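> Have a look at this prediction, sequence included:
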Amino acid sequence: VQTLLKANNIPFKINPRLVRGLDYYNLTVFEWTTEALGAQGTIAGGGRYDPLMERMGGKSAPACGWAMGMERVLDLMAISKSVPESDPVCDVYVLHQGGDTLVQAMIAAEALRSAGIDVILHCPPDGQSASFKSQMKKADASGAQLALIIGPDELARDEAQLKDLRGTGEQHAVPLSGLLAAVVDALVDS
């Protein structure tokens, strides 16, 4: 571990009294700390716990793990001015009418995400789908380039509506089977 830290120019201190609070750790335990956050300076911690699997009735297996405090990471990013000036803009906002259209919307959103496209899938807090008008306002406010609309009529025809939110405002039907290509083409054109 020390060799890798040194090779990557990562400063470290050896503390033989460091304890992580769980008795299944062995050999190496670690904490990533900062003085920038004062008394709440531990950002992440973990270690090796080779005997854990065996203690739980399984085969002996070497293991290592860690946990990180996301709030502290965000605090540290703010202090170091590493937080982006503005929120990133997503590529596609997916609208649906719940039920089967939600299922297809989830499938479409995941397919687009798997291709590296940033997607927001409309998910109301009450679990009920809002009107398309309300969802379209949220899509526009999100900064998305495109709205992908999947309603019952579209689903019955195995298609979706794709609307340009930032350019022409044009909306047209695209087959679900060719959705990825249509979205990529629309993003390239915008």
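Perfect, I can see it now.
> Flag the shaky bits of the protein, pLDDT-wise.
Low-confidence regions of the chain, defined by pLDDT under 70, span residues 22, 83-88, 124-129.
> which residues of it fall in strands?
With DSSP state E, the ranges of strands along the chain come out as 26-33, 42-48, 64-68, 92-96, 119-121, 146-150, 159-164, 171-175.
> What are the boundaries of the helices in the protein?
2-7, 52-55, 70-79, 99-114, 132-142, 152-156, 179-189 (DSSP state H).
> how about the ones you listed in JSON lines, adding distance to residue 26?
C-beta coordinates here come from the backbone N, C-alpha and C atoms, glycine included. Converted to JSON lines, the helices of the chain look like this (distance: least, Cβ to Cβ, whole Å):
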{"stretch": "helix 2-7", "distance to residue 26": "17"}
{"stretch": "helix 52-55", "distance to residue 26": "9"}
{"stretch": "helix 70-79", "distance to residue 26": "26"}
{"stretch": "helix 99-114", "distance to residue 26": "38"}
{"stretch": "helix 132-142", "distance to residue 26": "48"}
{"stretch": "helix 152-156", "distance to residue 26": "55"}
{"stretch": "helix 179-189", "distance to residue 26": "47"}
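> and of these, who's closest to residue 24?
Closest of these to residue 24 is helix 52-55, at 4.6 Å (criterion: Cβ to Cβ).
> In the closest one, which residues are buried?
Of the residues in helix 52-55, residue 52 count as buried by neighbour count, 16 or more other Cβ atoms under 10 Å.
> could I get that helix in CSV with only the CA atoms?
The C-alpha trace of helix 52-55 is given here as CSV (Å, rounded to 0.1, in the frame of the first residue of the first chain):
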residue,chain,number,x,y,z
LEU,A,52,-15.0,-11.4,7.7
MET,A,53,-16.3,-13.9,5.2
GLU,A,54,-15.1,-16.9,7.2
ARG,A,55,-16.7,-15.4,10.4
